[in-house]
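S.K.: Only the shape, not the letters, is given here:
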């Protein structure tokens, strides 16, 4: 006897037909009464589409009372002005640096050449009394003079002479200088 392969196709026998069911009209389930809020409403931020007249700003429903408090001022919704379209921005040219050194040098020369300031400085050097106005004028002009020297990178001639004089000479360098400057022809006989 030969072996036959199993198959899912129905054979010669007729398959059993499903019994006919009577179709009844489907009724919608009745709406149940709700008590309270749905689960998770405390965590959701309420988004009101309609702006109420008493509450212009959107608020978090979890915070505070729902009753509006009358503060004596009638709140009206603020109408925001529509922004006008700005013209396209033009390319900004780079900033040009202007050399003010000539102007600063000119100002420095005017302070140095001011006769009145020279007279006031001479009074101060000689020990005479100077009025408050003269002292203030001298102080402001000296301050501006120092600022100009610093910005221009110049050194005060008097300050450089004083710094050279106060510069300590190393004793070892002094000995070397003495040896270099000495005339050795004196030692010849």
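M.R.: Received the coordinates, thanks. Predicted model, so just to flag it, every value in this text is computed and none were measured.
S.K.: Show me the shaky parts of the protein.
M.R.: Residue ranges of the chain with pLDDT under 70: 1, 11, 13-16, 45-61, 73-75, 77-78, 156-168, 182-184, 186-189.
S.K.: Give me the buried positions along the helix or strand hosting residue 141.
M.R.: Element membership of residue 141 [criterion: DSSP states H and E] is helix 132-152. For helix 132-152, a neighbour-count test (16 or more other CB atoms under 10 Å) marks 134, 137, 138, 141, 145, 148 as buried. (C-beta placed from N, C-alpha, C; glycine too.)
S.K.: residue contacts, the first one?
M.R.: Each residue near residue 134 by CB atoms under 8 Å, 6 or more residues apart in numbering is listed here: 120, 123.
S.K.: cutoff 10 Å now
M.R.: Listed by CB atoms under 10 Å, 6 or more residues apart in numbering, the contact set of residue 134 reads 116, 117, 119, 120, 121, 123, 124.
S.K.: any idea how far it is from residue 125?
M.R.: For residue 134, the distance to residue 125 equals 13 Å [CB to CB, to the nearest Å].
S.K.: With the fourth one instead?
M.R.: As for residue 141, its distance to residue 125 is 15 Å (criterion: CB to CB).
S.K.: The second one too?
M.R.: Relative to residue 125, residue 137 is positioned 16 Å away (criterion: CB to CB).
S.K.: what distance separates the helix holding residue 141 from the centre of its chain?
M.R.: Helix 132-152 has its C-alpha centroid displaced from the chain centroid by 35 Å (CA atoms, centre = their mean, to the nearest Å).
S.K.: burial of residue 120, as a residue count?
M.R.: Residues lying near residue 120 (other CB atoms under 10 Å) number 20.
S.K.: That one contacts residue 141, correct?
M.R.: Yes - the criterion here is CB atoms under 10 Å, and residue 120 meets it with residue 141 at 8.9 Å.
S.K.: Spit out the residues that contact those two alike.
M.R.: residue 114.
S.K.: how about residue 152, what does it touch?
M.R.: Per CB under 10 Å, 6+ apart, neighbours of residue 152: 100, 101, 104, 105, 107, 108.
S.K.: What about the residues you listed, which one has the most neighbours?
M.R.: That'd be residue 108 among these, by other CB under 10 Å, with 18 neighbours.
S.K.: mind listing the helices in the protein by residue range?
M.R.: 101-112, 115-126, 132-152, 157-166, 171-181 (DSSP state H).
S.K.: Pipe these into a markdown table and attach distance to residue 34 per row.
M.R.: As requested, those are exported to a markdown table (distance: least, CB to CB, whole Å):
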| stretch | distance to residue 34 |
| --- | --- |
| helix 101-112 | 83 |
| helix 115-126 | 93 |
| helix 132-152 | 80 |
| helix 157-166 | 92 |
| helix 171-181 | 103 |
